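Participant: 3D, please:
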Amino acid sequence: MFEKLDMIIIHVHNIKISGDYYRNILGLPQLEKKDDWQSFKLGDSVLGIQPWHSGTEDERTVKYGATIVTRIDDVNKRLPELEAKGAHILVDPHDEPWGRAVEIVDPDGYIILLYSK
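Facilitator: Predicted coordinates for the structure are as follows:
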């Protein structure tokens, strides 16, 4: 039924700051850049960001209720590079049954879990 994840879209407070974060700090290749939309290549998927507009709140939505999870080549090797670029570490690198993991947070508070096997 499900073949692959095509895209994750998150709503951000400041599209310029968030766009800079995903492009410059995480180093994601940018696919599109408009005033109200930016997208980035995230492995075989796409990460889209849109501005959060006042009046579009949905009481069913939990703020920051999404975690972006992506596998990288080596958590221990890449973390110092991300920190040097300004990434904020939320949870220090640690071992899980499925690999080595670290959690960082973007400018809007979305958690990004990076892991390596």
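
Participant: please count neighbours and contacts with C-alpha atoms only from this point.
Facilitator: Noted.

Participant: any regions of this structure where pLDDT drops low?
Facilitator: Counting by pLDDT under 70, the ranges of the chain that qualify are 1-3, 53-65.

Participant: kindly list the longest helix within it.
Facilitator: Ordering each helix of the chain by length in residues (DSSP state H) puts helix 75-85 first.

Participant: which residues touch the host helix or strand of residue 31?
Facilitator: Element membership for residue 31, per DSSP states H and E: strand 30-34. If you take C-alpha atoms under 8 Å, 6 or more residues apart in numbering as the criterion, strand 30-34 is touched by 23, 38-41.

Participant: just the closest of the residues you listed to residue 77, please.
Facilitator: Of all the contacts of strand 30-34, residue 77 sits closest to residue 23, with 19.2 Å by C-alpha to C-alpha.

Participant: that's a helix at the closest one, yeah?
Facilitator: Yes. Per DSSP: H, G, I helix; E, B strand; the rest coil, residue 23 lies within a helix segment.

Participant: count of residues packed around it?
Facilitator: Neighbour count for residue 23, taken as other C-alpha atoms under 10 Å: 16.

Participant: gap between it and residue 111?
Facilitator: From residue 23 over to residue 111 the distance is 16 Å, taken as C-alpha to C-alpha, to the nearest Å.

Participant: what comes up buried for the strand ranked longest in the chain?
Facilitator: Taking DSSP state E as the criterion, the chain has its longest strand at strand 88-96. Residues of strand 88-96 classed as buried: 89, 93 (neighbour count, 16 or more other C-alpha atoms under 10 Å).

Participant: what packs against it?
Facilitator: helix 75-85, strand 99-105 (3 or more C-alpha pairs under 8 Å, 6 or more residues apart in numbering; DSSP states H and E).

Participant: now secondary structure too, for the contacts of strand 30-34, in TSV please.
Facilitator: Conversion of the contacts of strand 30-34 to TSV gives the following (three-state DSSP):
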residue	secondary structure
23	helix
38	strand
39	strand
40	strand
41	strand
